[in-house]
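J.: following is a predicted model, sequence given first.
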Amino acid sequence: MSKVLVRRLTLRQLKVFETVARLSGFNRAAKELHLAQPTVSLQVRQLADAIGMPLYEQIGKKIYITEAGALVRAAAGDVFSAFDRLEMQLAQLKGLKTGRLKVSVVTTAKYFIPRLLGPFTRHYPGIDIAMDVGNRSEIVARLSRNEDDLYIMGMPPAGIDFERHSFVENPIVAIAPYGHPLSGVRRVSLARLAQEPFLLREQGSGTRMAAERFLKSHGVKLKVRMELGSNEAIKQAVAGGLGLSLLSLHALKSELARKEVVMLDVEALPIRRSWYIVHRKGKELSIVARTFFDYLKEEGANLERELQLAQAATVARATQRGRTAAANKPKGRAQPR
């Protein structure tokens with residue numbers, strides 16, 4: 001790249017174009033960058049003028065990156081990777097007084113990761129943390145592009161290009177509306193559970209994939225009444241009496257406390273899974289990322305104890321509800337002869 005061209009480009013233009021190319025759209029890029037769509041278009045147009053060649057073609061509502069655009073995007077990636085390495089090296093020189101940590105988590109992990117970030121940032125106030133939340137396919141795509149330092153997910157992609165490290169249990173449990181007839185039953189069978197209508201996450205969700213594998217291994221098929229794209233929608237639908245569901249226990253703390261839903265005591269449940277810290281194989285973690293990695297491994301033990309207490313309390317409540325229901329059941333009268 002000539003010195004004249006370098007002087008005509010700006011890092012802002014490169015960042016905007018890289019985002020547009022990665023997301024294949026101006027509106028999505030504007031949303032991610034927190035910019036107005038006309039501003040994004042202007043930055044890309046100015047970059048194309050500086051290059052002297054079109055960077056994309058638009059056919060209908062879709063955009064296609066040109067050969068020149070692909071070269072610019074690759075160069076932009078090299079530039080920002082160089083800045084990331086510089087930032088990491090400077091942070092290592094300064095110790096942990098300053099630095100930046102980029103973490104991407106799947107939607108279910110957002111219920112407990114912020115609780116862990118709070119104490120970490122209080123201990124290291126000079127560290128800026130950026131956290132992206134998305135469904136599994138979005139986080140896997142970010143991992144493939146190596147956009148972040150660390151990734152938190154329940155079902156890491158298979159392959160030798162990734163390293164995964166479990167740090168806390170991620171049990172999937174059955175939930176029902178508070179007061180549901182099964183809430184007072186001990187060791188509900190999977191066959192009985194399958195008689196109820198179910199609400200599940202969308203296809204491709206890590207929770208959905210784990211649930212389907214588990215049910216298939218036990219020869220059980222659920223009656224799926226509805227598929228919903230978020231845990232929040234499912235919890236509200238369950239609380240409203242639309243059906244039962246299978247969700248991560250991490251996502252249910254508030255609803256269980258408010259008695260909006262109840263966790264059922266079901267044989268063979270919970271589904272035993274783990275949360276994983278994932279990164280590209282061979283990736284050189286910065287001192288900040290390595291410190292957060294070690295911190296998660298340590299704090300996982302505390303979360304593990306909380307989950308065990310919550311599950312024990314569920315069994316105790318189910319037992320108590322069953323006893324209460326039996327005590328309140330009307331006594332049968334003798335039949336006349």
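T.: Yep, that arrived.

J.: Phe162 - how many residues pack around it?
T.: If you count neighbours by other C-beta atoms under 10 Å, Phe162 ends up with 18. Yep, even glycine has a C-beta here, placed from its N, CA and C like the rest.

J.: now swap in Gln37 and tell me
T.: 14.

J.: now Glu138
T.: Using other C-beta under 10 Å, Glu138 has 15 neighbouring residues.

J.: surely it is within a helix?
T.: Yes. Assessed with DSSP: H, G, I helix; E, B strand; the rest coil, Glu138 lies in a helix.

J.: which residues touch it?
T.: Going by C-beta atoms under 8 Å, 6 or more residues apart in numbering, Glu138 touches no other residue.

J.: okay, it and Leu309: tell me how far apart.
T.: For Glu138, the distance to Leu309 equals 33 Å [C-beta to C-beta, to the nearest Å].

J.: do the same with Leu14
T.: Using C-beta to C-beta, Leu14 is found at 50 Å from Leu309.

J.: who's more crowded, the two?
T.: Between Leu14 and Leu309, Leu14 has the larger neighbour count (other C-beta under 10 Å), namely 19 against 10.

J.: what's the local residue count around the nearest residue to that one once chain neighbours are set aside?
T.: Once flanking residues are discounted, Leu14 sits nearest to Ala76: 4.2 Å by C-beta to C-beta, 6 or more residues apart in numbering. For Ala76, the neighbour count with other C-beta under 10 Å is 22.

J.: need the contact list for Ala76.
T.: Residues counted as contacts of Ala76 (C-beta under 8 Å, 6+ apart) are Leu14, Lys15, Phe17, Glu18.

J.: now do the SS call for the third one.
T.: Looking back up the chat, that one is Phe17. Look at Phe17: counting by three-state DSSP, its state is helix.

J.: residues near the closest residue to Ala239 other than its chain neighbours, how many?
T.: Distance criterion C-beta to C-beta, 6+ apart; nearest residue to Ala239, sequence neighbours excluded, is Glu260 at 4.2 Å. Neighbour count for Glu260, taken as other C-beta under 10 Å: 17.

J.: could you do Ala158 as well?
T.: Counted with other C-beta under 10 Å, residues neighbouring Ala158 total 8.

J.: quick one: it and Val224, what's the gap?
T.: From Ala158 across to Val224, the span is 26 Å (C-beta to C-beta).

J.: for the protein, where's the lowest mean pLDDT among helices and strands?
T.: In the chain, no helix or strand scores lower on mean pLDDT, DSSP states H and E than helix 3-8, which sits at a mean of 60.

J.: where are the low-confidence patches of the stretch 201-337 of the chain?
T.: Scanning the stretch 201-337 of the chain with the threshold set as pLDDT under 70 gives 307-308, 310-337.
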